[in-house]
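**Q** would you be able to build a 3D model of this:
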Amino acid sequence: MSAGAEQKAKTDGIEDTMSGNGAVARAVMKLVEGAERLNLKHSAVGNPPVYPTDAFPWAREVEAEWKLIRAELDRVLVRKGELPAFHEISSEVRSISSDQNWKTFFLCGYGIKSEEAIRQCPETWRILQKIPGLKSAMFSIFEPGKHLPAHRGPYNGVLRFHLGLVVPPEPDKIAIRVADRLCHWEEGKALIFDDAYEHEAWNHSDKVRVVLFVDFEKPMTFPANLTNKAILNLAMFTPFIREGYKAHKAWEKMFYGAGRKHR
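**A** Now for the predicted structure:
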C-alpha cells in the first residue's frame, strides 16, 4: 500500500470513528498526523517494522514465565465457544473481520480493566506488569482457516507484542507479514512489531492458534514522549473505546453469570 493510500485509509477510519461531527474528525485527524510525524522523528528505538526481542529487556522476562500464562489460558479455552468474536467487542475491527473465527479474551485496554478476567488470570496479570507503558492486553485466538487481510493500526505511538501460547508447528500455514517481513510465532517466544505498518496474519492450519496480544507505549524522547502520552490517554474517550467497553461489560455479565450457575 502506498503512503498516500495508507494516509487515506487512516483518515477514513478516523472520520468513521468520529462520524456525525466532521469538524471534530478533521481536528482529531490533524492532531494524530502531527503526533505521528513527531513520533517518527523522536522514537527512542528506531522505526523498523519488526524489532529484535532483546531491544526490550522485559520481553525475555515475560518469555521466561510463559508456561504460567499458558496454564491460565488453558482454563479459559475450556469455554472457548462462549468467547466473543473480536468484532463483537471492538467495532474498529469490523472492516477486516466479521466472522466468528477471531476470538478474544480481554484483560485491559486504554484505561479500562476487566476485573473478572484478572481474577481468572492472576499470574498473567502479574506478568503483564513487567511491560512498561502497557496499554492493552488480551488473548487473541485464531480459529482454523482465519485470515486477517492487510491493514494498519490507527496510530504509530504504540508497538505490539505477541507471545506465542498455542502455536501448531506448521510455519508454512501459520504466519504474520509485517511490511516486507514474514514472521512466525513460536510457543514461549515474543514477537514485537509496529502495527502502523501494513500487516496481515493467517492460520491456514486445522488447529487453533493463540497469542497473548499486547499494545505498549512506544519509547520516545522529548517532546514526543509527552505528546504521545497525551494522545494515548485521550483514547479512552473515543467512541470505539466507549462502545467496546459497553459491549464487553454486557458479554461479561452473560459469561461470568453462566459460569457461576455451572459451579
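
**Q** average pLDDT for the helix or strand harbouring Thr124, rounded please.
**A** Assessed by DSSP states H and E, Thr124 sits inside helix 122-128. In this model, helix 122-128 has a mean pLDDT of 98.

**Q** check what pLDDT Ile14 gets.
**A** We have a pLDDT of 44 for Ile14.

**Q** wait, Glu243
**A** At Glu243, the model reports a pLDDT of 83.

**Q** put the alpha carbons of the longest helix that the chain contains into CSV.
**A** In the chain, assigned by DSSP state H, the helix with the most residues is helix 239-261. Provided in CSV are the C-alpha atoms of helix 239-261 (Å, rounded to 0.1, in the frame of the first residue of the first chain):
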residue,chain,number,x,y,z
PRO,A,239,-16.4,6.4,20.7
PHE,A,240,-15.0,3.0,19.7
ILE,A,241,-13.4,2.5,23.2
ARG,A,242,-16.6,3.6,25.0
GLU,A,243,-18.7,1.3,22.7
GLY,A,244,-16.3,-1.6,23.2
TYR,A,245,-16.4,-1.2,27.0
LYS,A,246,-20.2,-1.4,27.0
ALA,A,247,-20.2,-4.4,24.7
HIS,A,248,-17.6,-6.2,26.8
LYS,A,249,-19.5,-5.5,30.0
ALA,A,250,-22.6,-7.0,28.5
TRP,A,251,-20.7,-10.1,27.4
GLU,A,252,-19.1,-10.4,30.8
LYS,A,253,-22.5,-10.4,32.5
MET,A,254,-23.6,-13.3,30.5
PHE,A,255,-20.3,-15.2,30.6
TYR,A,256,-19.4,-15.0,34.2
GLY,A,257,-23.1,-15.3,35.3
ALA,A,258,-23.3,-18.5,33.4
GLY,A,259,-20.1,-19.7,34.9
ARG,A,260,-21.4,-19.2,38.4
LYS,A,261,-24.5,-21.2,37.6
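
**Q** any buried residues in that helix, and which?
**A** The neighbour-count check on helix 239-261 (16 or more other Cβ atoms under 10 Å) flags Phe240, Ile241, Gly244, Tyr245, Ala247, His248, Trp251, Glu252, Phe255 as buried. (Each C-beta comes from the backbone N, C-alpha and C, glycine too.)

**Q** ok, now which ones touch Lys67?
**A** Taking Cβ atoms under 8 Å, 6 or more residues apart in numbering, we find Lys67 in contact with Gly188.

**Q** please apply the same query to the one 3 residues further on.
**A** Contact analysis of Arg70 by Cβ under 8 Å, 6+ apart lists Leu165, Val166, Glu187.

**Q** got the residue ranges for the strands in the stretch 151-263 of the chain?
**A** Here the stretch 151-263 of the chain has its strands, by DSSP state E, counting those that start in this stretch, at 158-166, 174-178, 181-183, 190-193, 199-203, 209-217.

**Q** Leu83 is nearest to which of the ones you listed?
**A** For these, distance to Leu83 was read as Cβ to Cβ. The smallest value, 10.7 Å, belongs to strand 209-217.

**Q** CA atoms of that closest one as CSV?
**A** Taking Å, rounded to 0.1, in the frame of the first residue of the first chain, the C-alpha atoms of strand 209-217 are listed here in CSV:
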residue,chain,number,x,y,z
ARG,A,209,-3.5,-20.6,17.3
VAL,A,210,-3.4,-18.4,20.4
VAL,A,211,-1.1,-15.5,21.3
LEU,A,212,-1.0,-13.0,24.2
PHE,A,213,-1.7,-9.8,22.3
VAL,A,214,-0.4,-6.6,23.9
ASP,A,215,-0.1,-3.0,22.9
PHE,A,216,2.5,-0.9,24.8
GLU,A,217,3.6,2.7,24.6
